[in-house]
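K.L.:
Structure, please.
(4 chains)
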Protein chains: 4
Amino acid sequence: MLDLTLEAASIIADETLRKGREMKFAPLTVVVLDAGGHMKVLKREDGCSLLRQQVAMGKAAATLGFGFGGRELARRAAKMPALFNSLTAMSDGNFVPLPGGVIIKNKDGRILGAVGVTGDVSENDELCALAGIEKAGLVADTGGE
Amino acid sequence: MLDLTLEAASIIADETLRKGREMKFAPLTVVVLDAGGHMKVLKREDGCSLLRQQVAMGKAAATLGFGFGGRELARRAAKMPALFNSLTAMSDGNFVPLPGGVIIKNKDGRILGAVGVTGDVSENDELCALAGIEKAGLVADTGGE
Amino acid sequence: MLDLTLEAASIIADETLRKGREMKFAPLTVVVLDAGGHMKVLKREDGCSLLRQQVAMGKAAATLGFGFGGRELARRAAKMPALFNSLTAMSDGNFVPLPGGVIIKNKDGRILGAVGVTGDVSENDELCALAGIEKAGLVADTGGE
Amino acid sequence: MLDLTLEAASIIADETLRKGREMKFAPLTVVVLDAGGHMKVLKREDGCSLLRQQVAMGKAAATLGFGFGGRELARRAAKMPALFNSLTAMSDGNFVPLPGGVIIKNKDGRILGAVGVTGDVSENDELCALAGIEKAGLVADTGGE
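P.N.:
Here you go, the predicted model:
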């Protein structure tokens, strides 16, 4: 795959949410962005609070915006708060440096887009995103070891 | 149904896009909002240009924001340009008064949310939205006769 | 009265809405601003669409912003569209030059604030605002003859 | 009650302010939002400073935006400053994670909206909001123990 298709993005979103239900996590919102940072799919489960769309977007956009998965972004934000304040401001807040933001690559390492998940604690959000990306036969980059 | 469920919103979005493929329309973007104007589902087909998400959002949000389906909004915009300039500005552009923005109601007339579709000409966009709402067993208000 | 009190603003808002119910108008939103353009009272009736708060605000703010009641603003907007586009943009849309925006004065002509009403046609919105201002024993400036 | 009525929202606002006067607190601003985050009622007492409307809005909107009462939001903000910087920016500042932001539920646990109060110290603001919600026969969620 050279460009993320709606078909693949839909598989990622649906499997992310299915995993959340299996694990009995809190209601989730999932967004899948293409490599240009534009939405392919968003789904917000019943019971999600009102800013969840923006938080999911911000997690995914941050990974593409600064070039690292959410785990690495969280480490850098802790070390460089002034820089990350700037990144937040220059993105109008569409920048959430946390786990649950995961870069999507193909087998050759080409970046196809990113997933953002929010609703439960960030590690659980990420676990669901990973299930979704795997289901689509693609490669995840969480920014973690 | 008292509140739009993700299940119903997903049916609306998927059937909207299926109808577009059946009719061989240009690639479409569809968004489904709840009654408070917050996203439940968005899907952007392969080949859609970059602002389609915002246009679909703007069509749906305009119907909930001013209380009429897109056809009636288009008529009013033609008659009251100063007011509609203000509505556009106060929404940061998240207000597109055109067909393809359709209010979703339940059988009792309760507003559950709105659909916004963009990609082809507005009348074709609307036709797909109507197919989606009907498939979910809900009632559409296009603002038109 | 030198400065608009909450007590007076509440009388204006409540009487505006009572008049709307008496006349069987569509659901209304009313806002009362002080002379500095800051909200004293807002009330949004059940069934109002989502942007009504902003429209009511915009009607009231426009009168204080450019110094004329809504009727005069509407006449000027028709004659000077470029200027009014600028006023809309510089206010981020918080500027709606229409009847239903009414300046509140005391008996000595001192500006105390403004009322903005929206929901029905602008002339009906204005009629309700006038009932509210009269009930509070204050003087209305609609910008009209 | 399925949707917050103007009647209930008015009771909440008026009793919030009455309680503040009884307790001789500083001048208060109170806002009551519906479940979609849209204003039903705002009242600003005489002597409130100019940003009080926005602070009250931000307290109420934050609870609906992230799904917790103001006390829990304040705890989380202290632990996760980068996330809360993002939430503030993505909301254009319409996000104040402090006591005095209280979620309103009906007896069945359905979220009907939120109250935001500001003017005195946050704990006193909250005390008034609780009096208002109780007077309306509804259930408060402060996010506290």
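K.L.:
Now the helix or strand A:Ala56 falls within: average pLDDT?
P.N.:
Using DSSP states H and E, A:Ala56 maps to helix A:52-66. The average pLDDT for helix A:52-66 rounds to 97.
K.L.:
got the angle for it vs helix D:52-66?
P.N.:
80 degrees (axes from the mean of the first three to the mean of the last three C-alpha atoms, to 10 degrees).
K.L.:
Identify the single longest helix in chain A, thanks.
P.N.:
helix A:6-22 (DSSP state H).
K.L.:
do that helix and chain B meet at all?
P.N.:
Yes - legend: contact between helix A:6-22 and chain B by C-beta under 8 Å from any C-beta of the partner chain is shown at A:6, A:10. The way it works is simple: take the backbone N, C-alpha and C, and place the C-beta from them, glycine included.
K.L.:
same for that helix, what does it pack against?
P.N.:
strand A:29-34, strand A:39-44, strand A:111-118, helix A:122-135, strand B:39-44 (3 or more C-beta pairs under 8 Å, 6 or more residues apart in numbering or on different chains; DSSP states H and E).
K.L.:
tell me which strands and helices the helix or strand that the fourth one is followed by is in contact with?
P.N.:
Translated: helix A:122-135. Downstream of helix A:122-135, the first helix or strand assigned by DSSP H and E is strand A:139-141. The helices and strands touching strand A:139-141, judged by 3+ C-beta pairs under 8 Å, 6+ apart, are strand A:101-105, helix A:122-135.
K.L.:
ok, and which of these has the densest surroundings?
P.N.:
Compared across the helices and strands packed on strand A:139-141, strand A:101-105 shows the largest average neighbour count, a mean of 28 (mean count of other C-beta atoms under 10 Å in any protein chain shown).
K.L.:
Tell me the gap between that one and the middle of its chain.
P.N.:
6 Å (C-alpha atoms, centre = their mean, to the nearest Å).
K.L.:
before we move on, what about stretch A:75-94?
P.N.:
Distance, stretch centre to chain centre, for stretch A:75-94: 17 Å (C-alpha atoms, centre = their mean).
K.L.:
Next, name the residue at the spatial heart of chain A.
P.N.:
A:Gly116 (2.1 Å; C-alpha atoms, centre = their mean).
K.L.:
before we move on, the earlier item: okay, the helices and strands packed on helix A:6-22 in JSON lines with distance to A:Gly70 next?
P.N.:
Conversion of the helices and strands packed on helix A:6-22 to JSON lines gives the following (distance: least, C-beta to C-beta, whole Å):
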{"stretch": "strand A:29-34", "distance to A:Gly70": "13"}
{"stretch": "strand A:39-44", "distance to A:Gly70": "18"}
{"stretch": "strand A:111-118", "distance to A:Gly70": "8"}
{"stretch": "helix A:122-135", "distance to A:Gly70": "7"}
{"stretch": "strand B:39-44", "distance to A:Gly70": "21"}
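K.L.:
will you turn the helices and strands packed on strand A:139-141 into CSV that also has distance to C:Pro27?
P.N.:
Shown next, in CSV, are the helices and strands packed on strand A:139-141 (distance: least, C-beta to C-beta, whole Å):
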stretch, distance to C:Pro27
strand A:101-105, 42
helix A:122-135, 40
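K.L.:
Looking at the ones you listed, spot the one closest to chain C.
P.N.:
Nearest to chain C among these is helix A:122-135; the distance by C-beta to the nearest C-beta comes to 29.0 Å.
K.L.:
quick check: mean pLDDT across that closest one?
P.N.:
Across helix A:122-135, the per-residue pLDDT values average to 98.
K.L.:
returning to what we had before: tell me which of the helices and strands packed on helix A:6-22 sits nearest to A:Lys79.
P.N.:
helix A:122-135 (17.8 Å; C-beta to C-beta).
K.L.:
Put together a markdown table for the helices and strands packed on strand A:139-141, with distance to chain D on each row.
P.N.:
Formatted as a markdown table, the helices and strands packed on strand A:139-141 follow (distance: least, C-beta to the nearest C-beta, whole Å):
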| stretch | distance to chain D |
| --- | --- |
| strand A:101-105 | 11 |
| helix A:122-135 | 9 |
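K.L.:
and of those, who's closest to C:Arg21?
P.N.:
Of all the helices and strands packed on strand A:139-141, it is helix A:122-135 that lies closest to C:Arg21, at 47.5 Å by C-beta to C-beta.
K.L.:
what angle separates that closest one from helix A:52-66?
P.N.:
Angle between the axes of helix A:122-135 and helix A:52-66 is 70 degrees (criterion: the same axes, to 10 degrees).
K.L.:
okay, how far is it across stretch A:19-30, tip to tip?
P.N.:
Start and end residues of stretch A:19-30 are separated by 12 Å (C-alpha to C-alpha, to the nearest Å).
K.L.:
ok, residues contacting that stretch?
P.N.:
Contacts to stretch A:19-30, defined as C-beta atoms under 8 Å, 6 or more residues apart in numbering or on different chains, come from residues A:12-13, A:16-17, A:41-48, A:52-53, A:55-56, A:115-120, A:124-125, A:127-129, A:131-132.
K.L.:
Mind doing that once more with 7 Å?
P.N.:
By C-beta atoms under 7 Å, 6 or more residues apart in numbering or on different chains, the surrounding residues in contact with stretch A:19-30 are A:13, A:16-17, A:43-48, A:52-53, A:56, A:115, A:117-120, A:124-125, A:128, A:131.
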